[in-house]
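Enquirer: I'd like to go over a predicted model; first the sequence, then the structure.
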Amino acid sequence: MASRSRRRRAANKAPDGSRRRLPMRLLLPMLVLVALMAMLMLRGYVHSEILADHRIHPETAADKVPEKIIDGGPVIDTRSGRTTSLRLSDHHLVLTFDDGPDPTWTPKVLDVLKEHDAHAVFFVTGTMASRHPDLVRRMVDEGHEVGLHTFNHPDLSLQSKKRIDWELSQNQLAITGAAGIRTSLFRPPYSSFAYAMDDKSWPVTEYIGAKGYITVVNNTDSKDWQKPGVDEIIRRATPKDGKGAIVLMHDSGGDRHQTVQALDKFLPMLQKQGYEFDNLTEALGAPSAHTKVAGLELLKGKAWILLVSASDKVTGVLVVGLAVIGALVISRFVLMLLLSGIHARRVRRRRFSWGPPVTEPVSVLVPAYNEAKCIENTVRSLMASEHPIEVLVIDDGSSDGTARIVEAMGLPGVRVVRQLNAGKPAALNRGLANARYDIIVMMDGDTVFEPSTVRELVQPFGDPKVGAVAGNAKVGNRDSLIGAWQHIEYVMGFNLDRRMYDILRCMPTIPGAVGAFRRSALERVGGMSDDTLAEDTDITMAMHRDGWRVVYAEKARAWTEAPESVQQLWSQRYRWSYGTMQAIWKHRRALIERGPSGRFGRVGLPLVSLFMVVAPLLAPLIDVFLIYGLVFGPTEKTIVAWFGVLAVQAVCAAYAFVLDREPLTPLISLPLQQILYRQLMYVVLLQSWITALTGGRLRWQKLRRKGTITAAPDTSVQRRPVMDGRPAG
């Protein structure tokens, strides 16, 4: 046990003996995710979407309630062990408004009160006060009193003492943050007259009094929440025989236009009858219920209001982001379904032709760095090619004997070019310099071709305007779950995308696994560049800007070994996403240029940015709001919406599989793929953004291959015409 513990500690240490720390590029995305979730949770909490309790206790006996409370006034004081109640003197009215502040109706109520020089008491909930602190400040500034009405408006007789304390403290915190005061006034939710006090509510009243609060109920109920009409509200709110009263009204909880209209008539009418409209302590001739707050308590209140405001703003931004991703997803699917169908019908016509058949030999470049496990399978698959080729394996400083394996095969028409490790672009340029032919095919060292791949790949060069061709890259190791997910992505995303971009003439990437170039086109744009980590995207964009057509050859299939672990997939997609950002930035001037470059800049770059960078970055919002909706509601609408999005994706995926003549069985894992993949791609893209914004330089990360793809599935290996050649140095 001790040795295992020592090994664990040693694994957590860097080579220099210091303790390993989580890299900033991983730490920052995690912190952003945690912060976003915290903001959403806070928003749900403040909007009463969490911890809300709408139960109301049934009527019970009132044996334990003192008679003087039942027969007493609407102001109940149980502080310091007292049991007293107070009434207002004649011709004194205290208007009380519950459940606010509301951004629509509270300002109107305040305006009417100000116009008629009247004061009132507003019993505010913590949720509303947190969201509208400016209205609480206005209440206090204009001479009104505020009181607690709990944070979430539960029936306190059904709550524990701990929950009661929490409701009071959070309500008080919101008021402090909004107006810099504490209040000693409290009104229980769902309360009415003093005579309605029972054995369930009385202990709560006593407990709250012990906390230093005066409980204020009412003895005149306008029942304005029923919307009975302006005259009826006035009638119910008017006390009889000039008696004093505490009148219950509402400034929140729905449409309160009748309340506002009734108030505008009620105030001058009763003022003419000699009534005074004061706040509670003015009417009782008592010290103010407000106490100014300073120091740490005030800072905590201000911090709370700031956080609530931030959570609402962040949620608003996320909602906009959700709308954007919804629009992008739908737009992309519509475009893919429409344009990919057009592409398939066009290239599958019987008389379709790119031009004269391309029969001349081509050069196949295979850059290889430590591909000992895969390189023999790759080269042997090329030996079955139906098109005349020469094969150049460019060994980029491998340390695992890759070059020796190829040389030991002794195959005609296969040359090995050695160089010190300089990276994939340099290896491809070295191969280009040693190639004999005018058409250059490029493939990865972990990929195998079908016998017809090269022939199908080069046929578009019958059109002299075509400068590059993208092949159909497929996942060969699709037996594992992560392999099946990538298979779905390749068929549904990459290949449908390429059909769409082909029609729009702005294809962003020739896949490194299977692509072909006109040699003259490559030389005109300066060959492969190492300016970015996505040299395939970089060279494709350069082709577009130089005026060449870039097309997709669906029958040119190549089978590649996809990453088989999350870590390997992470590394690959991190490089892809970061390299794509680099390429977009490198070619940004195309936005303002004319001719083919400008067309690509104003059509291709925006589409690539939206569909390959923005959409994956925002896509996890679909799942974030799924969780939010399941927790906070509306649950049914959330589930329906999420499954609606999934259904659209499933239809698109099924169409892509049918179009690519693939069995539909892997789509069983589509729901799980959509959920987990989005999160992975989000973190990868966020990490890429952080790397880019902080000026970081991502190094090429070699993926560990297993060499599991020995030949293209369901293809027979045939000898191909070979071109004799001799090794080059």
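Expert: Alright, I've got the coordinates.

Enquirer: helices of the stretch 501-650 of the chain, residue ranges please.
Expert: Assigned by DSSP state H, counting those that start in this stretch, the stretch 501-650 of the chain shows helices spanning 519-524, 535-545, 566-586, 595-599, 605-608, 615-618, 621-632, 635-659.

Enquirer: nearest to residue 153, of those helices?
Expert: helix 621-632 (16.1 Å; C-beta to C-beta). For the C-beta atoms, the positions are set from N, CA and C on the backbone; glycine is no exception.

Enquirer: between the helices of the stretch 501-650 of the chain, which one is closest to residue 203.
Expert: Per C-beta to C-beta, nearest to residue 203 of those: helix 621-632, 31.8 Å.

Enquirer: using JSON lines, lay out the helices of the stretch 501-650 of the chain together with mean pLDDT, mean neighbour count and distance to residue 438.
Expert: Putting the helices of the stretch 501-650 of the chain into JSON lines (pLDDT from 0 to 100; neighbours: other C-beta atoms under 10 Å; distance: least, C-beta to C-beta, whole Å) gives the following:
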{"stretch": "helix 519-524", "mean pLDDT": "96", "mean neighbour count": "16", "distance to residue 438": "5"}
{"stretch": "helix 535-545", "mean pLDDT": "95", "mean neighbour count": "26", "distance to residue 438": "16"}
{"stretch": "helix 566-586", "mean pLDDT": "85", "mean neighbour count": "19", "distance to residue 438": "26"}
{"stretch": "helix 595-599", "mean pLDDT": "93", "mean neighbour count": "16", "distance to residue 438": "22"}
{"stretch": "helix 605-608", "mean pLDDT": "91", "mean neighbour count": "19", "distance to residue 438": "29"}
{"stretch": "helix 615-618", "mean pLDDT": "76", "mean neighbour count": "20", "distance to residue 438": "37"}
{"stretch": "helix 621-632", "mean pLDDT": "75", "mean neighbour count": "18", "distance to residue 438": "47"}
{"stretch": "helix 635-659", "mean pLDDT": "84", "mean neighbour count": "15", "distance to residue 438": "32"}
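
Enquirer: just the C-alphas of stretch 234-243, formatted as CSV.
Expert: This file holds the C-alpha atoms of stretch 234-243, laid out as CSV (Å, rounded to 0.1, in the frame of the first residue of the first chain):
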residue,chain,number,x,y,z
ILE,A,234,-62.0,50.5,-4.1
ARG,A,235,-65.1,49.2,-2.3
ARG,A,236,-63.2,46.3,-0.7
ALA,A,237,-60.2,48.5,0.2
THR,A,238,-62.3,51.2,1.9
PRO,A,239,-62.6,50.6,5.7
LYS,A,240,-66.0,51.2,7.4
ASP,A,241,-66.9,54.1,9.7
GLY,A,242,-63.5,55.9,9.3
LYS,A,243,-61.6,53.1,11.0
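
Enquirer: residues in contact with that stretch?
Expert: 90-91, 93, 220-223, 228, 245, 247, 249, 262, 265-266, 269-270, 273-274 (C-beta atoms under 8 Å, 6 or more residues apart in numbering).

Enquirer: please indicate which of the residues you listed are buried?
Expert: With burial judged by 16 or more other C-beta atoms under 10 Å, the buried subset of these is 93, 220, 221, 222, 245, 247, 249, 262, 266, 270.

Enquirer: now, those that are in strands?
Expert: Within the buried ones among the contacts of stretch 234-243, residues falling in strands by DSSP state E are 93, 220, 221, 245, 247, 249.

Enquirer: okay, now residue 351: neighbour count?
Expert: The tally of other residues near residue 351 (other C-beta atoms under 10 Å) stands at 4.

Enquirer: okay, it: pLDDT?
Expert: Residue 351 is assigned a predicted lDDT (pLDDT) of 87.

Enquirer: for residue 694, same thing?
Expert: For residue 694, the model assigns a pLDDT of 64.

Enquirer: can you check residue 62 too?
Expert: Looking at residue 62, its pLDDT is 87.

Enquirer: what about it, how many neighbours?
Expert: So residue 62, with other C-beta under 10 Å, has 18 neighbours.

Enquirer: wait, isn't it in contact with residue 203?
Expert: No. With contact defined as C-beta atoms under 8 Å, residue 62 does not reach residue 203; the gap is 12.0 Å.

Enquirer: gap between residue 690 and residue 476?
Expert: Taking C-beta to C-beta, to the nearest Å as the measure, residue 690 falls 33 Å from residue 476.

Enquirer: in stretch 84-101, what's buried?
Expert: 84-88, 92-101.

Enquirer: compare residue 690 and residue 476 and say which is more crowded by neighbours.
Expert: Taking other C-beta under 10 Å, residue 690 and residue 476 do not tie; residue 476 has more neighbours (23 against 17).

Enquirer: how much space separates the more buried one from residue 367?
Expert: Separation of residue 476 from residue 367 (C-beta to C-beta): 19 Å.

Enquirer: repeat for residue 468
Expert: If you go by C-beta to C-beta, the gap between residue 468 and residue 367 works out to 17 Å.

Enquirer: quick revisit: make a markdown table out of the helices of the stretch 501-650 of the chain and add distance to residue 193.
Expert: What follows is those, written out as a markdown table (distance: least, C-beta to C-beta, whole Å):
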| stretch | distance to residue 193 |
| --- | --- |
| helix 519-524 | 89 |
| helix 535-545 | 74 |
| helix 566-586 | 64 |
| helix 595-599 | 77 |
| helix 605-608 | 66 |
| helix 615-618 | 54 |
| helix 621-632 | 35 |
| helix 635-659 | 38 |
